[in-house]
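> My questions concern the predicted model and sequence given below.
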Amino acid sequence: MEILNKKMTKRLDRPIKVLQFGEGNFLRAFADYMIDVANEAGVFNGNIVIVKPIAYGNLDAFRRQDCQYTLSLRGKENGEVKVVNRVITSVSDAAAAIEEYDKYAAYAKLETLRFIISNTTEAGIVYDETDSFKAAPPKTFPGKLTKFLYERYRFFNGDKTKGLVMIPCELIDNNGGTLKQCVLKFAGLWKLEADFLTWINEACTFCSTLVDRIVTGYPRDEAKEICKGLGYEDALLDTGEIFGLWVIESDRDISQEFPLDKAGLPVIFTDNQKPYRERKVRILNGAHTSFVPASYLAGNDYVLESMRDRDIRDFMTKTIFDEIIPTLTLPKEELHTFADSVIERFENPYIKHALLSISLNSVSKWKARCLPSFREYVCKFGKLPPHLTFSLAALMSFYRSDEPSDHALIGHRGRDSYKIMDDDLVLEFFRKNSKLPNREFAEAYLSNTVFFGEDMSQYKGLAGMTADYIDNIEKLGIREAVRRVNTAG
């Protein structure tokens with residue numbers, strides 16, 4: 001079969017508007033896909049140059065395929081299982097920042113360039129005072145960006161119409177603000193002129209984003225069969241779920257320059273992304289954290305199995321719709337629509353999401369994802385949320401072990417054993433306290449302010465209800481205990 005190339009795709013030579021730090025699967029299935037759709041819809045008309053920002057890896061496959069690749073989005077949408085294949089033609093070129101520094105740096109002088117998109121992992125947006133302006137390029141991503149912006153500033157003589165819009169996609173809170181602070185710190189460290197700092201502040205825009213799409217990458221076990229169906233070879237084949245969401249927060253409105261929403265894409269422009277981040281963390285991540293320990297103890301190994309288990313599914317839906325959504329601020333209809341999409345994502349037959357993987361560090365995850373809903377439910381209704389409370393009891397039952405094993409504890413599910421993975425402090429607590437009577441065990445756990453940032457035992461009736469749920473799990477079995485809380489709740 002022929003290798004995919006630009007003659008086959010008939011790629012249009014659009015102006016380069018986007019420089020993208022990161023050649024990985026996520027951005028190719030997310031940002032590059034959305035820009036491709038916007039180009040086809042006639043609302044953007046701009047292509048991308050991908051930058052490989054680190055020494056690891058190479059761009060050989062991009063060169064062989066003229067940066068063309070296929071994206072296969074697979075999952076459930078409106079109750080129907082779908083596979084949507086699309087050849088992505090929005091990428092014009094690729095450059096290695098280290099091995100091809102001059103080629104990469106020349107893009108700073110490109111008249112049409114307007115946007116910088118990045119995904120350099122959570123550890124990518126860091127300030128390192130040992131980074132050097134003289135390096136070609138500097139070693140950190142913010143260092144590279146600072147020098148790139150400075151070269152652009154110098155080339156265009158400080159023209160404020162030549163500023164750039166930064167749209168980082170790294171998974172940290174306030175990613176745009178954090179990136180800007182790093183750039184300003186580097187400008188100070190390297191003693192760059194004050195007018196450059198003014199240009200950064202007045203001509204450039206740093207957006208903060210929330211990105212949401214599960215990208216499963218190159219389908220190694222299926223690639224041969226997929227390419228046979230496509231009729232060509234594609235070493236850059238990428239896969240992901242159908243659902244996607246891009247929330248872009250900025251002080252200056254960029255929606256007219258970057259009008260992806262006009263192509264019907266799930267892009268939201270806002271001056272406050274907090275409600276959308278809260279919605280995702282509380283509903284999607286909170287649902288995961290609340291049902292996973294109970295589902296695993298009930299005999300399931302994957303999220304999809306959990307959704308096919310009526311008891312666990314009922315538990316999850318009651319948690320979301322009865323206890324989480326009532327505590328959120330976005331319109332109820334919007335929250336219900338998002339929750340429905342979350343359930344469809346959990347039902348995706350193309351993704352095998354292991355419960356034990358999700359269970360990693362569940363103690364801190366419960367604090368971040370479930371505690372805010374718990375706290376606000378109590379404040380709003382003056383009573384304990386039964387399902388979120390049961391999720392605490394299930395978590396404690398899942399973690400309850402005094403068998404150490406190489407930075408883990410060994411738990412038991414019937415005849416099966418499993419590793420409980422968390423911080424050493426958490427594991428040590430359970431190792432020392434797991435043999436306590438249930439009420440004392442519950443009080444010890446709930447009063448641990450390190451785990452919750454507050455003394456949870458002070459919530460009236462919580463220690464007793466949690467201990468009762470643990471009793472039910474032990475005496476009746478996890479499944480009957482879940483059924484009872486579903487019926488009572």
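Everything's here; your move. Numbering: from 1, shown residues only.
> all contacts plus neighbour counts: C-alpha atoms, from now on.
Noted.
> Buried residues of whichever strand or helix holds His336, list them for me.
Assigned by DSSP states H and E, His336 belongs to helix 332-346. Buried residues in helix 332-346, counted by 16 or more other C-alpha atoms under 10 Å: Leu335, Phe338, Ala339, Asp340, Ser341, Val342, Ile343, Glu344, Arg345, Phe346.
> which one of these is nearest Lys274?
The closest of these to Lys274 turns out to be Leu335 (C-alpha to C-alpha; 14.1 Å).
> ok, now which ones touch the closest one?
Arg279, Ile325 (C-alpha atoms under 8 Å, 6 or more residues apart in numbering).
> if we go to 7 Å?
Neighbour list for Leu335: Ile325 [criterion: C-alpha atoms under 7 Å, 6 or more residues apart in numbering].
> From Leu328, how far out is it?
8 Å (C-alpha to C-alpha, to the nearest Å).
> Likewise for Ser118?
On the measure of C-alpha to C-alpha, Ser118 and Leu328 end up 30 Å apart.
> Over to Leu446?
Here Leu446 is placed at a distance of 24 Å from Leu328 (C-alpha to C-alpha).
> Where do the domain boundaries of the chain fall?
Using automatic domain parsing, the domain parsing of the chain gives 6-272, 275-488.
> Including mean pLDDT, could these go into CSV?
Output for these, formatted as CSV (pLDDT from 0 to 100):
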stretch, mean pLDDT
domain 6-272, 97
domain 275-488, 97
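> where do the helices sit along the stretch 201-350 of the chain?
According to DSSP state H, counting those that start in this stretch, the stretch 201-350 of the chain carries its helices in the segments 223-230, 274-279, 286-297, 303-307, 310-318, 332-346.
> who wins for proximity to Arg479 among these?
Closest to Arg479 of those is helix 310-318 (C-alpha to C-alpha; 7.2 Å).
> Can you tell me what sits against that closest one?
Contacts of helix 310-318 from elsewhere in the structure, counted by C-alpha under 7 Å, 6+ apart, are Ala287, Phe291, Ser295, Ser306, Met307, Val482, Arg483, Asn486.
> try stretch 95-111
Against stretch 95-111 from outside (C-alpha under 7 Å, 6+ apart): 50-55, 136-137, 148-149, 151-152, 155.
> what about that stretch, start to end distance?
Per C-alpha to C-alpha, stretch 95-111 runs 18 Å from first to last residue.
> can you give me how far it is from the chain middle?
What separates the centre of stretch 95-111 from the centre of its chain is 29 Å, taken as C-alpha atoms, centre = their mean, to the nearest Å.
> Over to stretch 5-25?
24 Å.
> So which bits of that stretch are buried?
Residues of stretch 5-25 classed as buried: Asn5, Arg11, Ile16, Lys17, Val18, Leu19, Gln20, Phe21, Gly22, Glu23, Asn25 (neighbour count, 16+ other C-alpha under 10 Å).
> now the residues you listed in a markdown table, with distance to Ile312?
As requested, those are arranged in a markdown table below (distance: C-alpha to C-alpha, whole Å):
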| residue | distance to Ile312 |
| --- | --- |
| Asn5 | 47 |
| Arg11 | 48 |
| Ile16 | 49 |
| Lys17 | 47 |
| Val18 | 44 |
| Leu19 | 45 |
| Gln20 | 41 |
| Phe21 | 41 |
| Gly22 | 38 |
| Glu23 | 38 |
| Asn25 | 32 |
